[in-house]
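>>> Have a look at this prediction, sequence included:
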Amino acid sequence: LFVAAEMGNTEFLVELIRQYPDLIWKKNDNEQTIFHVAISHRHEGIYNLLHEIGSMKDMITPLKDLKGNNMLHLVGKCAKKKRLQVISGVALQMQRELLWFKVL
């Protein structure tokens with residue numbers, strides 16, 4: 001479940017959540033949901049699933065991990081270098097990070 005969130009396997013997660021809706025509440029060893037993990041790795045498709053689960057998103061978004069970070073804190077952290085290398089140019093990287101912050 002969490003490996004799929006880390007890798008950005010949206011289709012797999014959609015199918016799992018359809019079959020087992022309670023999986024959205026599952027937490028890993030760091031007390032993070034799949035949405036926390038997806039945000040940390042900048043996978044928009046998985047993050048966008050939050051909008052499809054309705055009012056439950058209001059209960060998931062404020063959840064904090066072991067370090068006291070909620071989803072907004074995770075967006076504020078710099079993306080992994082590997083993820084930023086996909087985008088050429090520092091200005092474009094910064095623009096992409098700002099978009100992430102605005103979306104959340």
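Cool, the structure landed. Residues are numbered from 1 along each chain as shown.
>>> just checking, Phe2 touches Ala38?
No. Assessed by Cβ atoms under 8 Å, Phe2 is found out of contact with Ala38, at 9.6 Å. C-beta coordinates here come from the backbone N, C-alpha and C atoms, glycine included.
>>> Compare those two (neighbour count), which wins?
The neighbour comparison of Phe2 against Ala38 (other Cβ atoms under 10 Å) goes to Ala38, with 29 against 17.
>>> For the more buried one, list the residues it contacts.
Going by Cβ atoms under 8 Å, 6 or more residues apart in numbering, Ala38 touches Ala5, Glu6, Gly8, Ile46, Tyr47.
>>> Point out the ones among these that are inside helices.
Ala5, Glu6, Ile46, Tyr47 (DSSP state H).
>>> hang on, the third one packs against Thr10?
Read it as Ile46. Yes. Ile46 is in contact with Thr10 according to Cβ under 8 Å; the separation is 5.4 Å.
>>> higher neighbour count, the two?
Shown here are Ile46 and Thr10; by other Cβ under 10 Å, Ile46 has more neighbours (23 against 18).
>>> Could you measure from the more buried one over to Glu31?
Per Cβ to Cβ, to the nearest Å, Ile46 is found 18 Å from Glu31.
>>> Same check on Leu13?
19 Å.
>>> quick one: which of the two has more around it?
Leu13 (23 against 14).
>>> Now do the contacts for the residue lying closest to the more buried one once chain neighbours are set aside.
Distance criterion Cβ to Cβ, 6 or more residues apart in numbering; nearest residue to Leu13, sequence neighbours excluded, is Ala4 at 5.4 Å. The contact partners of Ala4, by Cβ under 8 Å, 6+ apart, come to Phe12, Leu13, Leu16, Ile34.
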